[in-house]
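Asks: A predicted structure for the sequence below; I have some questions about it.
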Amino acid sequence: MRNLDQHTITEAVLARQAQTPDPRLKQIMDLLVRHLHAFAREAQLTEAEWFQGIDFLTRCGHITDERRQEFILLSDVLGLSMLTVAQNNDKPAGCTEATVVGPFHVQHAPRYPLGADISNGAHGVPCVVRGTVRGIDGEPVPQAELDVWQSDEDGLYDVQHAGITHAQARGVLTADVAGHFHFRSILAVPYAIPHDGPVGQLLESMGRHPWRPAHLHFMIKAPGYETLITHVFRSDDAYLGSDAVFGVRHSLIADWKQQPDGSYLVEYDFVLNPVAPS
């Protein structure tokens, strides 16, 4: 048995996992061990600080449930989510940029016909959303599926309301044969990410705010094209330059135009990247 110390333990761990049968898992775990150990050495991590970290992660696990994902929030505020998105979505110029999915997407949202009101009772100023889904060469993408979700005027998603048991301000629509889509919803507003848990305490301790600029979420799918997960942001929002999760891209900013009746209109065209030939 080797007499391990702070100088030799890293190589001992790497040797112990050298027979990992999955080469990708081995690569990831080797890098994780090297970087974690290097971090602990550079930071001169104390045992008390290590225990605080373990306690923080434990509390993240305890607060996570089917309605709340604290680990996604942690990844978001550290910029890891956006880094992962950016390095895995390097698209040709002209394609709509991707951004974080966030913790509030729900599988199997209700389906609506074009023109429907997806707010379904959510509080907010009425807003019409319309645009076109195209390919990189300008071709319309017929019958693209648009999964849309957003917060209400209180800055909360339906899944954050304990008393709401049906979907609000979210839905799935299908573009027409020319790639056009339109639907009714409510005006997007800025909101704070959940900050009553460990991630919120971490932000406060670093002097950071928890606010996100107003936006709509989109997940767009079509045969022959890469799935796009993105936002459309309001151009007049005060938090565009300090998004708590680093998700803003200049190309994703659009004008929400107030109409004579007090409602709003936002128009945005999406450009999808074709699937690379295999």
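Replies: That came through fine. Numbers count the residues shown, from 1 in each chain.

Asks: mean confidence score for the longest strand anywhere in the chain?
Replies: Assignment by DSSP state E gives strand 126-135 as the longest strand of the chain. Strand 126-135 shows an average pLDDT of 98 in the prediction.

Asks: and if you look at stretch 105-113?
Replies: Stretch 105-113 shows a mean pLDDT of 94 in the predicted model.

Asks: what's the span of that stretch, first residue to last?
Replies: 20 Å (C-alpha to C-alpha, to the nearest Å).

Asks: go on, stretch 68-88?
Replies: 25 Å.

Asks: please apply the same query to stretch 95-114.
Replies: First-to-last residue span, stretch 95-114, C-alpha to C-alpha: 24 Å.

Asks: report the buried residues of it.
Replies: For stretch 95-114, a neighbour-count test (16 or more other C-beta atoms under 10 Å) marks 95-105, 109, 112 as buried. Just so you know, the C-beta spots here come from the backbone N, C-alpha and C atoms, and that holds for glycine as well.

Asks: make a markdown table out of these and add secondary structure and distance to residue 186.
Replies: Shown next, in a markdown table, are the buried residues of stretch 95-114 (DSSP: H, G, I helix; E, B strand; the rest coil; distance: C-beta to C-beta, whole Å):
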| residue | secondary structure | distance to residue 186 |
| --- | --- | --- |
| 95 | coil | 28 |
| 96 | coil | 23 |
| 97 | coil | 24 |
| 98 | coil | 24 |
| 99 | coil | 21 |
| 100 | coil | 22 |
| 101 | coil | 21 |
| 102 | coil | 18 |
| 103 | coil | 20 |
| 104 | coil | 15 |
| 105 | coil | 18 |
| 109 | coil | 16 |
| 112 | coil | 14 |
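
Asks: redo those residues as JSON lines? Include distance to residue 240.
Replies: Formatted as JSON lines, the buried residues of stretch 95-114 follow (distance: C-beta to C-beta, whole Å):
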{"residue": "95", "distance to residue 240": "21"}
{"residue": "96", "distance to residue 240": "17"}
{"residue": "97", "distance to residue 240": "15"}
{"residue": "98", "distance to residue 240": "18"}
{"residue": "99", "distance to residue 240": "13"}
{"residue": "100", "distance to residue 240": "15"}
{"residue": "101", "distance to residue 240": "19"}
{"residue": "102", "distance to residue 240": "16"}
{"residue": "103", "distance to residue 240": "21"}
{"residue": "104", "distance to residue 240": "20"}
{"residue": "105", "distance to residue 240": "22"}
{"residue": "109", "distance to residue 240": "27"}
{"residue": "112", "distance to residue 240": "29"}
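
Asks: thank you, goodbye.
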